[in-house]
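# Turn this into a structure:
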Amino acid sequence: MEPLAILLRPNKLDDVIGQKHLIGDNKVIRNLVNNKRLFSMILYGNPGIGKTTLALAIVNELGLKYRLMNAVINNKKDFEVVVEEAKMYNGIVLLMDEIHRLNKDKQDLLLPYLENGLITLIGMTTSNPYHKINPAIRSRCQIFELKSLSSDDVMEALNKINKNKILPNIKIDKNVIEHVSNISNGDLRYAYNLIEVAYYSTSDYHITLDIIKNINNKPVSFYDNDESGHYDVISAFQKSIRGSDVNASLHYLARLIDAGDLDIIYRRMTVIAYEDIGLANPSIGPKVDACINACERLGLPEARIPLGDMIIEMALSPKSNSGHIALDNALNDINKGNIGNIPDHIKTNSKDYKYPHNYPNSFVKQEYLPKELKGKKYYIPKETSKYEKSLKTIYEKIEKASF
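Numbers count the residues shown, from 1 in each chain. Next up is the predicted model:
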């Protein structure tokens, strides 16, 4: 009853799909295997791209004794058994899935044996190890990122199904392989599982496009609120708007809407309105608030309509970060202790204070900064819009006291 993804799992590097940057000619893992030398490592990347497959291919080619475990499912007793086996065989390779979930008890048990080389660890995870894996484990391992498989990679793997005897009498239409490769989004396990379900759901083992679409026609998404993919989508969303790429902005908005994460869309839009657009288009902030209010009243799916309009305007709006950069510059001075004393004439109830409204144009020249910071300039105006150009004109007039 093993799933097709396991039945088709290769035993040697030459049969592994993708990851040529690691196992191609003269690449690091290929050379490690060729030199018969293995070090502890962490393999990370999206689901279904071959982390466990690569780990098994490595130990199989090297002919090493190994144990395959899961940091969540296997308990401390299981790990103690591995340690005893390592002592008996004078070394063992531990393949550990979900390594980012390794708790302190299991970690404390393993660390001395990783240190002395009795246990060689190959950890697999979908999480970014630089964020999710304990530094004590991370420092003892080389970290390798596996790349997402292309649709051509997945197609290559699916074409092999027709050539073997694992699923007897199977017939897969050519357009099925192309379609499944496209919607799998690089997740080969998903592609295998979909084909296998389709195979057993027919009477004649002939898989057509209609059968596939009746089972599942929704593309795979790696969006996960608790993992790095979540932050990658948010980052791409903001950077696309900041870069004025309206099409990319709409693409990542669609991903966030598909995940149903309206709250993060609202928060990110609000940040962008003031961080990236700012004084170049100060009306954008109230417009974003109005859009959020409309979305809250409508809910999905109708909320997508005002969101689409708003994101298009934000992406195409002139941009300026001068406002928040000016404040950051001031905060940097505060953090460095560059503060100084408040001038006496602007302290509370000072008789020497000159009230600007009593003067022409509501302006009078007087010093407001502490004398230690006299002449300090935090705000550097930009000219990305008529509005900030006008602010710059006023700013320069005040600096020259020419009112």
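
# okay, residue 116: pLDDT?
With respect to pLDDT, residue 116 scores 89.

# Equivalent analysis for residue 210, please.
You'll see residue 210 listed with a pLDDT of 91.

# Please tell me how far it sits from residue 204.
14 Å (Cβ to Cβ, to the nearest Å). Where you see a C-beta, it was placed from the backbone N, CA and C, and this is true even at glycine.

# Pull the number of nearby residues for residue 190.
Neighbourhood size, residue 190 [other Cβ atoms under 10 Å]: 20.

# right, and the helix or strand after the helix-or-strand element of the chain with minimal mean pLDDT?
Lowest on mean pLDDT, DSSP states H and E among the helices and strands of the chain sits helix 129-132, with a mean of 80. Following helix 129-132 in sequence order, the next helix or strand is helix 135-138 (DSSP states H and E).

# From the contact counts, what lies against that following helix?
Applying 3 or more Cβ pairs under 8 Å, 6 or more residues apart in numbering; DSSP states H and E, one finds that helix 135-138 makes contact with helix 104-116.

# So residue 143, which state does it fall into?
Following DSSP: H, G, I helix; E, B strand; the rest coil, the label given to residue 143 is strand.

# doesn't residue 42 make contact with it?
Yes. With contact defined as Cβ atoms under 8 Å, residue 143 counts as touching residue 42 (4.9 Å).

# hmm, back to that, roughly how far is the least confident helix or strand of the chain from the heart of the chain?
In terms of Cα atoms, centre = their mean, to the nearest Å, the centre of helix 129-132 is found 12 Å from the chain centre.

# List the buried residues in that helix.
Buried residues in helix 129-132, counted by 16 or more other Cβ atoms under 10 Å: 129, 132.

# quick one: contacts of that helix?
42, 44, 99-100, 123, 125, 138, 143, 228 (Cβ atoms under 8 Å, 6 or more residues apart in numbering).

# So how do I select the buried members of those residues in ChimeraX?
Per 16+ other Cβ under 10 Å, the buried members of the contacts of helix 129-132 correspond to this ChimeraX selection:
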select :42,44,99,100,123,125,138,228
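
# Now do the contacts for the nearest residue to residue 188 once chain neighbours are set aside.
The shortest distance from residue 188 to any non-neighbouring residue, by Cβ to Cβ, 6 or more residues apart in numbering, is to residue 48 (5.1 Å). Taking Cβ under 8 Å, 6+ apart, we find residue 48 in contact with 5, 149, 184, 186-191.

# Recalculate using a threshold of 10 Å.
Contacts for residue 48 (Cβ atoms under 10 Å, 6 or more residues apart in numbering) come out as 5, 126, 148-149, 154, 184-193, 220, 222.

# circling back to that earlier point, now, which of the contacts of helix 129-132 sits nearest residue 284?
Nearest to residue 284 out of the contacts of helix 129-132 is residue 228 (Cβ to Cβ; 29.3 Å).

# Look at that closest one and report its pLDDT.
51.

# Can I have the buried ones of the contacts of residue 48 as a ChimeraX selection?
In ChimeraX, a selection of the buried entries from the contacts of residue 48 looks like this (16+ other Cβ under 10 Å):
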select :5,126,149,154,184,185,186,187,188,189,190,191,192,193,220,222
